[in-house]
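Trainee: got a sequence here, can you model it:
(one chain, ligands or ions: 1)
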Amino acid sequence: MEKKDIDWEALDFGYHQTDYSYVCDYERGAWGEGGLTTSHTVTLSECATVLHYCQEVFEGLKAYSTQDGRIVCFRPDLNAERMEESARRLIMPPFPKERFLEAVREVIKANAAWVPPFGTGGSLYLRPFMFGTGDTLGVRPSSAYQFRILATPVGPYFKGGVAPVRIIVSDYDRAAPHGTGSVKAGLNYAMSLWPHEMATSQGYDEALYLDAATRTFVEETGGANVIFVDFDGRLVVAKSVSNSILPSITRRSLVTVAREMLGMEVIERPVRFDELGNFAECGLCGTATVIVPVESICDYDTEYVFNGGSDEMGPVLGKLRETLLGIQEGVIEGPEGWVVEICKA
Ligand SMILES: *Cc1c(COP(=O)(O)O)cnc(C)c1O
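Mentor: Prediction:
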C-alpha cells in the first residue's frame, strides 16, 4: 500500500480530512446497515436535538504502526463499552460493541494510507461520535441518531517531547456530583472552554477541577485524569467522591501495568487538594499523550511543586509511561488482548 504524500514529521494535532469516514443511522427503532462514506459533512434538521439539547457522546482512540509492520489499536473494546455507557446516560440507543469494533476496523483499513509510518510519533486519530438527529422541539430524547467515525492523521500531541505542564485550580466546576462527569459527552466540554481560557490567559497550561460539592478533593482536568506518586513510590490515583471523573482507559491501563508488571503498590482513593505536598510526582493521563508530567499545581497563594520542579518527567511516572508505550508499540509484551491488529501496514 502506497502511503499518502505527507510530511509526517510536520503533522500537528489537528483535523485533516482523510478518504473515508464511517456512518450509520438509527431510525424507527433500529440501527441501519452502516458503512464507509467519502462525505465528510453532515446535513441536519435545524431542530435536531444535538443542536439544542446537546444529545451527543464521543470517543477517542488511535491507530498506529508498529515496528514489525502492523497497524494496531489499543484496547478498542474499552472505547466501545464506554461509548455504550455514555449513550445510555443520555437516553441514546447504544451502538453495539461488536459493530463498533467492526466499524473501527473498516475505517482504519480504508484509510491505511493515512496511518503515519512507525517512528514518526504520529497516529491516525479516530473520533467515534453519535448524536440526536431527530427534529424534536420539546425536551425529550430524539427518535433518530447518527453514529460516525472520523479519522485524521495526527502528530505527537506535544512536539519536541513531553515537557512538564503548570496547572491552576479552576474557580469553576466541571461536573455536578452524580452528574455527567463520568460520561464522555460533548456537554462536558462546552463549559470547560471558559475555565481553560482563564487558565491559559494567566500563563498556565491547564485548569484542574476540584469536587464541586466541597471543593476539597482533586478530580481531573478538562480532558485528562490525574495520578500521583508518593514519597514511598506508591501510585496514588484520584478517585471521585461523587462519581464525576471520566474513567480514562489510559489511567486504568497504567494501574494494571503498575500493579501487575512493575509490582508497585497502587492506591485508588479520594485525594484532598491540601495533601498534594505529600506527592513526589504528578501526571495527567489520556490517549493523546499517555502521561504528561505536572510541574506544579497552583491555587491562589498555595503552590505544590512536583519532581523538584525539574523540566523532565519523574523516575516512577517515566518508567510507567515507558512501559505502557512499549506495550502499545509491541516492544514489551502486555496483557493479552490489549493490542489489537487491524491489518498489515
Ligand atoms: C477522554 C477523557 C479522558 C482520557 O481518557 P482516555 O480513555 O485515557 O483517553 C480523561 N478525562 C476526560 C474528561 C476525558 O473526556
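Trainee: got the contact list for the closest residue to residue 103 other than its chain neighbours?
Mentor: Leaving aside its sequence neighbours, residue 103 sits nearest to residue 22 (C-beta to C-beta, 6 or more residues apart in numbering; 4.7 Å). C-beta here means a position set from N, CA and C on the backbone, and glycine is covered the same way. Residues in contact with residue 22 (C-beta atoms under 8 Å, 6 or more residues apart in numbering) are 34, 35, 36, 37, 103, 106, 107, 147, 148, 149.
Trainee: kindly recompute the last result at 10 Å.
Mentor: 34-37, 100, 102-108, 110-111, 126, 128, 147-151 (C-beta atoms under 10 Å, 6 or more residues apart in numbering).
Trainee: out of those, which are inside strands?
Mentor: 35, 36, 37, 126, 128, 147, 148, 149, 150, 151 (DSSP state E).
Trainee: same list (these) but as a markdown table, adding neighbour count and pLDDT.
Mentor: Below are the ones in strands among the contacts of residue 22 laid out as a markdown table (neighbours: other C-beta atoms under 10 Å; pLDDT from 0 to 100):
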| residue | neighbour count | pLDDT |
| --- | --- | --- |
| 35 | 12 | 98 |
| 36 | 16 | 98 |
| 37 | 14 | 98 |
| 126 | 24 | 98 |
| 128 | 25 | 98 |
| 147 | 26 | 98 |
| 148 | 21 | 98 |
| 149 | 26 | 98 |
| 150 | 19 | 98 |
| 151 | 24 | 98 |
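Trainee: restrict these to contacts with the ligand.
Mentor: Applying C-beta under 6 Å from any ligand atom, the subset of the ones in strands among the contacts of residue 22 adjacent to the ligand is empty.
Trainee: between those, which is nearest residue 311?
Mentor: Distances from residue 311 to those, taken as C-beta to C-beta, are shortest for residue 126 (32.2 Å).
Trainee: show me what contacts the closest one?
Mentor: By C-beta under 10 Å, 6+ apart, the contact set of residue 126 is 22, 59-63, 73, 76, 79, 103-104, 107-108, 111, 149-152, 287.
Trainee: buried subset of these as a ChimeraX selection?
Mentor: In ChimeraX syntax, the buried subset of the contacts of residue 126 is picked out as below (16 or more other C-beta atoms under 10 Å):
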select :22,59,60,61,62,63,73,76,79,103,104,107,108,111,149,150,151,152,287
